[in-house]
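>>> I would like to see how this sequence folds:
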Amino acid sequence: MRTASGTKLLRTPEGPHRANFLELFFDLVFVVALIQLSHELMQDLTWAGAFRTLVLLLAVWWVWSITTWTTNLYDPRQMSIQLVITGTMLGSLVMVVALPDAFGARGLAFAGAYVAIHVGRQLFLVLALRGQELQHRSIRVLAWFAGSAVPWIAGALAPAPARVALWTLAAVLDFTGTVLRFPTPWLGRSPDSEYPIVAEHLAERYQQLFIIALGELILVGALTLSGSGFAADRTTAFVVSFVATVLFWRIYLYRAGELLPAAITAARRPDPLARSAAIAHLVMLAGIVATAVGDELVIAHPLGHTPRAWVAVILGGPALFLAGRAAFEYAVFARVSPDRPIGILVLLALAPPVLLAPPLVAAVAATAVLLGVAVADTVRAHRGPPESPSPPGRRTSA
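Okay, here's the model as predicted:
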């Protein structure tokens, strides 16, 4: 028997398809989270430090991503859903506060908040959806996050080396469950019918997340220049970082960023496409976090020697962004423009020579590659009519 309260939680076809103000309010936490992640990487600019930052990024990402999918299915105008979002926001703030020392004394606060967010949300939905077919979906998600809670909490109580291993296992479990649609004993995996997607809302949320990430680049650049003064070399480095930020926006938007709603609507199975777009945005987000570190280093120290670790973030950040953007383009158009992989190869080829140049030169080189990709997009746009989305598994007309 279906409960009226459970039915009211769901979005309706006639309801709004846009993100609401509470979701934008929720996003403010992640502006701080991205800055904290960049600072975490800055403090330990090694492969080990990068891996630890990746584990933390995955935790932050799953909080934002699962919340977005929740508000895509359930009506955020309902008071109970608003309370879930507000509680998630509070838990996210605890994670952000604990993040700089997550692999130290505040590990339990970070992991505890993460587990409380996911388990608490799904417990509420399991109870609220009594008698609803979608209750099975929430039970599956609850089972997986309850399972991953064990290595999250155990890792928080373990010393640093073991913590990295256990939290990596937990992050892999969360990722696997999401990709496989939470297969659970006796219930199986979630069918497509449990994943109705409001295309306009989901696409808008990904666009908003990317704008937040670009906001981090602007904020990091402005704060770094403010602390170092308007010397000519530092001001030049700031302008270069701003130009790169604009190019990130341009490359993202054209045209997959604009056409994601239409691509989801056109797909025979929207859920796999939406998940592919999610993973692509995660990779782009990692690139932006690395780029923010590179921007701060270049603006603070534009001249002099360029260590290898600096080259890795100055060139590697844009390369990661282009890799994610190529995956995003494939999700929308079922093909990849050649300028994306070419741009990645050029960035990799630039690594040895820029080791001999000042950091500012490395930043200018990375920006020039992004400019080349943006120009190639513009030239391609003028050669023919606007391209329509053609995702893998596109619906065919009868």
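
>>> okay, now Ala334: neighbour count?
15 (other Cβ atoms under 10 Å). C-betas here are computed from N, CA, C, even on glycine.

>>> and the pLDDT at it?
pLDDT recorded at Ala334 is 90.

>>> let's verify the nearest residue to it once chain neighbours are set aside: helix, strand, or coil?
Counting by Cβ to Cβ, 6 or more residues apart in numbering, Pro392 is the residue found nearest to Ala334 once chain neighbours are left out, at 4.8 Å. Under DSSP: H, G, I helix; E, B strand; the rest coil, Pro392 falls in the coil class.

>>> which residues touch Pro392?
Going by Cβ atoms under 8 Å, 6 or more residues apart in numbering, Pro392 touches 267, 273, 330-331, 334.

>>> ok, now Arg275?
If you count contacts by Cβ under 8 Å, 6+ apart, Arg275 has them with 178-179.

>>> what is the three-state secondary structure of it?
What three-state DSSP gives for Arg275 is helix.

>>> shift numbering so it begins at 59
From this message on, residue numbering opens at 59, which makes the last subject Arg333.

>>> against Leu414, how distant is Thr303?
26 Å (Cβ to Cβ, to the nearest Å).

>>> in terms of neighbours, single out the busier of the two.
Applying other Cβ under 10 Å to Thr303 and Leu414 shows that Thr303 carries more neighbours, namely 24 against 9.

>>> list the buried residues in the particular helix or strand that has the more buried one in it.
Secondary structure from DSSP states H and E places Thr303 in helix 290-310. The neighbour-count check on helix 290-310 (16 or more other Cβ atoms under 10 Å) flags 291-292, 294-296, 298-310 as buried.

>>> over to stretch 198-216?
Of the residues in stretch 198-216, those buried (16+ other Cβ under 10 Å) are 198-203, 206-207, 209-214, 216.

>>> could you list every residue that touches the most centrally placed residue in the chain?
Centroid-nearest residue in the chain, with Cα atoms, centre = their mean: Leu340, separated by 3.6 Å. Residues in contact with Leu340 (Cβ under 8 Å, 6+ apart) are 115-116, 119, 123, 382.

>>> circling back: just the buried ones among the contacts of Pro450, please.
325, 331, 388-389.

>>> show me these that map onto helices.
In helices, defined here by DSSP state H, the members of these are 331, 388-389.

>>> out of the contacts of Pro450, what pair is the most spread apart?
Ala325 and Tyr388 (12.8 Å; Cβ to Cβ).

>>> can you give me the helices in this structure?
Residue ranges of the helices in the chain, as given by DSSP H, are 62-67, 79-101, 105-131, 137-156, 165-186, 193-215, 218-237, 257-286, 290-310, 316-324, 328-358, 366-391, 397-412, 417-441.

>>> summarise which helices and strands the fourth one is packed against.
In this structure, helix 137-156 packs against helix 79-101, helix 105-131, helix 165-186, with contacts taken as 3 or more Cβ pairs under 8 Å, 6 or more residues apart in numbering; DSSP states H and E.

>>> so which of those helices is nearest Ser248?
Here helix 105-131 is closest among the helices and strands packed on helix 137-156 (Cβ to Cβ), at 11.4 Å.

>>> chain center to the closest one, what's the gap?
Counting by Cα atoms, centre = their mean, to the nearest Å, helix 105-131 is centred 7 Å from the centre of its parent chain.

>>> that helix to helix 366-391, inter-axis angle?
30 degrees (axes from the mean of the first three to the mean of the last three Cα atoms, to 10 degrees).

>>> list the buried residues in helix 105-131.
Buried-residue list, helix 105-131, by 16+ other Cβ under 10 Å: 107-108, 110-131.

>>> over to the residue nearest to His194 when sequence neighbours are not counted: give its phi and psi.
The spatially closest residue to His194, leaving aside those adjacent along the chain, is Leu245, at 5.5 Å (Cβ to Cβ, 6+ apart). Per-residue torsions, Leu245: phi -110, psi -20 (degrees, to the nearest 10).
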